[in-house]
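Visitor: Structure, please.
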Amino acid sequence: MDPPADSPPTWVFLTNHAHVLLCIARDPDTRTRDIADRVGITERAAQRIVSDLIAEGYLTRTKIGRRNRYGINRRGHLRHPVFKDLEIGPLLDVLHTRGVGSRRGGRAAA
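Guide: The predicted structure follows:
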């Protein structure tokens with residue numbers, strides 16, 4: 001029996017870390033509050049994930065006044081042992097749909 005069409009999925013293909021990275025790819029000036037809303041997690045969880053991505057070298061953060069601008073290291077490698085030789089840049093290219101979930105539909109700087 002199929003679940004009702006309006007029920008949330010019980011699993012997803014990508015992790016919250018990937019969802020956060022995609023939000024930043026779509027809008028490098030986004031706030032963690034906005035990331036949290038888009039991904040469906042708490043603001044604190046979004047902050048922790050952004051910190052994880054910065055610590056592992058996937059993201060850089062630059063302060064511009066009171067706001068942050070994020071840059072993505074497109075040469076960062078996927079973490080799973082099966083895919084460790086693959087860079088995240090091409091994955092972002094495939095998953096990045098212009099204008100979906102974005103205020104500007106722009107691309108993150110390399």
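Visitor: how close does Glu87 sit to Arg74?
Guide: When distances are taken as CB to CB, to the nearest Å, Glu87 and Arg74 turn out to be 6 Å apart. (Glycine included, C-beta is placed from N, CA and C.)
Visitor: So for the two, which residue has more residues nearby?
Guide: Counted by other CB atoms under 10 Å, Glu87 and Arg74 do not tie: Arg74 has more neighbours, with 17 against 14.
Visitor: Any buried residues in the longest helix along the chain, and which?
Guide: Ranked by residue count under DSSP state H, the longest helix found in the chain is helix 43-55. The neighbour-count check on helix 43-55 (16 or more other CB atoms under 10 Å) flags 45-50, 53 as buried.
Visitor: What of stretch 54-68?
Guide: Within stretch 54-68, the residues that qualify as buried are 58-59, 68, counting by 16+ other CB under 10 Å.
Visitor: Closest to Asp29 out of the residues you listed?
Guide: In terms of CB to CB, no member of these lies closer to Asp29 than Asn68, at 7.7 Å.
Visitor: residues contacting the closest one?
Guide: With contact set as CB atoms under 8 Å, 6 or more residues apart in numbering, Asn68 has these partners: 29, 31, 61-62.
Visitor: State the pLDDT value of it.
Guide: Taken from the predicted model, the pLDDT recorded for Asn68 is 97.
Visitor: tell me the secondary structure for it?
Guide: Judged by DSSP: H, G, I helix; E, B strand; the rest coil, the three-state class of Asn68 is strand.
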